[in-house]
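>>> this one's structure only:
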């Protein structure tokens, strides 16, 4: 398994834990560190978009008031 596979698996797991429904639009790796066990630690950010009209996203406070992009989606990011 490559470091890229580990990153995508971790991000996927994190996103499935969220009750909201959105898409990841960008992943940015900001640093890499080799670990003693042959793995690589990646640190960075991911960005995504949520549809404020989707009922699954209604649990997010004030999502209907958030700024929207040209497609009507609300952007988010996390590390």
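That came through, no problem. Predicted model only: the values in this text are computed from it and were never measured.
>>> Please make it C-alpha for all contacts and neighbour counts, starting now.
OK.
>>> any idea which element residue 75 lies in?
If you go by DSSP states H and E, residue 75 is part of strand 74-78.
>>> quick one: buried residues of that strand?
74, 75 (16 or more other Cα atoms under 10 Å).
>>> Likewise for stretch 40-60?
Neighbour counts over stretch 40-60 (16+ other Cα under 10 Å) mark 40, 42, 48, 49, 50, 51, 52, 57, 58 as buried.
>>> wait, what's in contact with the third one?
What it means is residue 48. Contacts for residue 48 were tallied using Cα atoms under 8 Å, 6 or more residues apart in numbering; they are 22, 23, 24, 25, 26, 75, 76, 77.
>>> Can you tell me the SS state at it?
Here residue 48 is recorded as strand under DSSP: H, G, I helix; E, B strand; the rest coil.
>>> Show the pLDDT at it.
Residue 48 is assigned 92 on the pLDDT scale.
>>> mind checking the SS state of the closest residue to residue 30 other than its chain neighbours?
In this structure, residue 30 finds its nearest non-sequential neighbour in residue 44, 4.6 Å apart by Cα to Cα, 6 or more residues apart in numbering. Here residue 44 is strand, with the state taken from three-state DSSP.
>>> roughly how far apart are residue 44 and residue 74?
Here the criterion is Cα to Cα, to the nearest Å. By it, residue 44 lies 21 Å from residue 74.
>>> One more: residue 50?
From residue 50 across to residue 74, the span is 5 Å (Cα to Cα).
>>> hey, where'd the strands end up in this protein?
22-34, 40-50, 74-78 (DSSP state E).
>>> and residue 64, which of these is closest to it?
Across those, residue 64 has its closest neighbour in strand 74-78 (8.8 Å, Cα to Cα).
>>> Quick one: residues contacting the spatially most central residue of the chain.
Centroid check for the chain by Cα atoms, centre = their mean gives residue 46 as the closest residue, at 4.5 Å. Residues in contact with residue 46 (Cα under 8 Å, 6+ apart) are 24, 25, 26, 27, 28, 77, 78, 79.
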